[in-house]
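Visitor: coordinates only, sequence not included:
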């Protein structure tokens, strides 16, 4: 596949960057070492401006082309996950309980590789804004960058991002116009009854029985309230109740993740969830509180930008390796906030076989970094042509 020759020459240097980042993972907005490493590399690369401390530990760096023109943004997320690594790699995490299990170390490396090439060649008319973002995994760092005003402050007109994808062939790209990833909301339900001895349930108000009924009922929301072609998911992921085998507890709780693509479906799911929990609690003579966390919106690609990005990916990997109308998926991404702020597109890039994202045995494939860097670099040259 035609990785840009100049970027191919950076391959070993990029591997060193990525493996350093992998050994020192940091979480959410608390990224002092990661941000310092990125800023140092950007200074060595020779970008024109570096703006640090955006959304706490985010960075925006600017590279100006040979001629003036529009500004486009390229985004990489930087944070890791609270997972104990099990890869056994020589470059494994040195921080107990933390690892780059989602490949954000690779995302940073790809964007740094593109930055190095673009700063050397400047074969474009306009400006590239490199967006190094904190807190994708937890904390909505994409939203925080938008709220910090980066798009207005730096005049960014369009924005693009990549996520690595294990078990898609190396260098293959998947994207689609419209919804690519789902919104994600989380519901925490706390049911209160009257505790007592398990031998005398008639003297209690059992919250466990009410909770079980709620769990069964919320699983009817999608098949009986949502149009069959509007994909949505409700999964109950936690249930907690009780302390002993012979005690009916005073309280019980469950948690659910709720995902879909359309705003009107999202609102319907929330409405029906509340109605079912409240109605079931009343039926069982309990009380219930729902803490409904309105999370990341759906990641919705703009059609023209998704088509453009797919054409650029074909230049890098060939038409047979790019699916420009791929199936959307129920995972979520806070790049969605950037796509709400500006036209743009998000793509998945295959890194070959291996453990899945968020798995303790996951590791980014270093062979993928020059491919992603080449895509970013070529995208800039095609979006901001000199001719």
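Guide: Thanks, I have it. Predicted model, so just to flag it, every value in this text is computed and none were measured.

Visitor: from the centroid of this protein, which residue is nearest?
Guide: By Cα atoms, centre = their mean, the chain has its centre lying nearest to residue 333, at 3.2 Å.

Visitor: and that residue, helix, strand or coil?
Guide: Under DSSP: H, G, I helix; E, B strand; the rest coil, residue 333 falls in the coil class.

Visitor: can you pull the contacts of it?
Guide: If you count contacts by Cβ atoms under 8 Å, 6 or more residues apart in numbering, residue 333 has them with 136, 142, 163, 181, 296, 299, 346. Placement of C-beta: from N, CA and C, glycine included.

Visitor: so the third one, which of the three states?
Guide: Translated: residue 163. Three-state assignment for residue 163 (three-state DSSP): strand.

Visitor: can you tell me how far it is from residue 350?
Guide: Separation of residue 163 from residue 350 (Cβ to Cβ, to the nearest Å) stands at 11 Å.

Visitor: more crowded one of the two?
Guide: residue 163 (25 against 21; other Cβ atoms under 10 Å).

Visitor: state the pLDDT value of the more buried one.
Guide: pLDDT, residue 163: 98.

Visitor: so it makes contact with residue 346?
Guide: Yes: in this structure, residue 163 is within contact of residue 346 by Cβ atoms under 8 Å, at 7.0 Å.

Visitor: ok, now which ones touch the nearest residue to residue 77 once chain neighbours are set aside?
Guide: With sequence-adjacent residues excluded and distances taken as Cβ to Cβ, 6 or more residues apart in numbering, residue 77 is closest to residue 136, at 3.8 Å. Taking Cβ under 8 Å, 6+ apart as the criterion, residue 136 is in contact with 77, 79, 104, 142, 333, 334, 335.

Visitor: and which of the residues you listed is nearest residue 287?
Guide: Distance to residue 287, by Cβ to Cβ, is smallest for residue 334 among the contacts of residue 136, at 34.0 Å.

Visitor: count of residues packed around the closest residue in space to that closest one that isn't next to it in sequence?
Guide: Excluding the flanking residues, the one nearest residue 334 by Cβ to Cβ, 6+ apart is residue 142, at 3.6 Å. As a burial measure, residue 142 scores 30 neighbours (other Cβ under 10 Å).

Visitor: same question, residue 302
Guide: By other Cβ under 10 Å, 18 other residues sit near residue 302.

Visitor: likewise residue 44?
Guide: The number of residues packed near residue 44 is 11, by other Cβ under 10 Å.

Visitor: that one should be in a helix, yeah?
Guide: Yes: counting by three-state DSSP, residue 44 is found in a helix.

Visitor: next one: phi and psi at residue 90?
Guide: The phi/psi pair for residue 90 (degrees, to the nearest 10) reads phi -60, psi -30.

Visitor: got it, and residue 40?
Guide: For residue 40, the backbone dihedrals (degrees, to the nearest 10) come out as phi -60, psi -40.

Visitor: separation between it and residue 271?
Guide: Look at residue 40 and residue 271: by Cβ to Cβ, they are 50 Å apart.

Visitor: secondary structure class of residue 237, three-state.
Guide: For residue 237, the assignment made with three-state DSSP gives strand.

Visitor: correct me, but residue 80 touches residue 98?
Guide: Yes: using Cβ under 8 Å, residue 80 is in contact with residue 98, at 5.4 Å.

Visitor: which residues do these two both contact?
Guide: Common neighbours of residue 80 and residue 98 (Cβ under 8 Å, 6+ apart) are 25, 26, 27.

Visitor: before we move on, the earlier item: quick one: the residue nearest to residue 334 from residue 372, how far?
Guide: Separation of residue 142 from residue 372 (Cβ to Cβ) stands at 19 Å.

Visitor: can I get the shared contacts of residue 80 and residue 98 in TSV with pLDDT?
Guide: Below are these laid out as TSV (pLDDT from 0 to 100):
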residue	pLDDT
25	98
26	98
27	98
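
Visitor: tell me the contacts of residue 25?
Guide: Shown in contact with residue 25 (Cβ under 8 Å, 6+ apart): 80, 81, 93, 95, 98, 99, 100, 105.

Visitor: distance check, it against residue 117.
Guide: Applying Cβ to Cβ, the value for residue 25 to residue 117 is 26 Å.

Visitor: show me the helices in the protein, by range?
Guide: Assigned by DSSP state H, the chain shows helices spanning 5-8, 11-23, 32-45, 104-121, 141-147, 150-153, 207-218, 221-225, 263-283, 303-317, 335-341, 369-383.

Visitor: so which of those helices comes closest to residue 72?
Guide: Nearest of the helices of the chain (Cβ to Cβ): helix 369-383, 5.5 Å.

Visitor: show me what residue 59 is bridged to.
Guide: Beta bridges link residue 59 to residue 132, judged by DSSP bridges.

Visitor: report pLDDT for it.
Guide: For residue 59, the pLDDT comes out at 98.

Visitor: and what of residue 2?
Guide: Note on residue 2: pLDDT of 68.

Visitor: from now on call the first residue 14
Guide: That works, and once the first residue is 14, the last one we named lands at residue 15.

Visitor: quick one: buried residues of the least confident helix or strand in the chain by mean pLDDT?
Guide: Using mean pLDDT, DSSP states H and E, helix 18-21 stands out as the lowest-scoring helix or strand of the chain, at a mean of 93. Neighbour-count burial for helix 18-21 flags 19, 20 (criterion: 16 or more other Cβ atoms under 10 Å).
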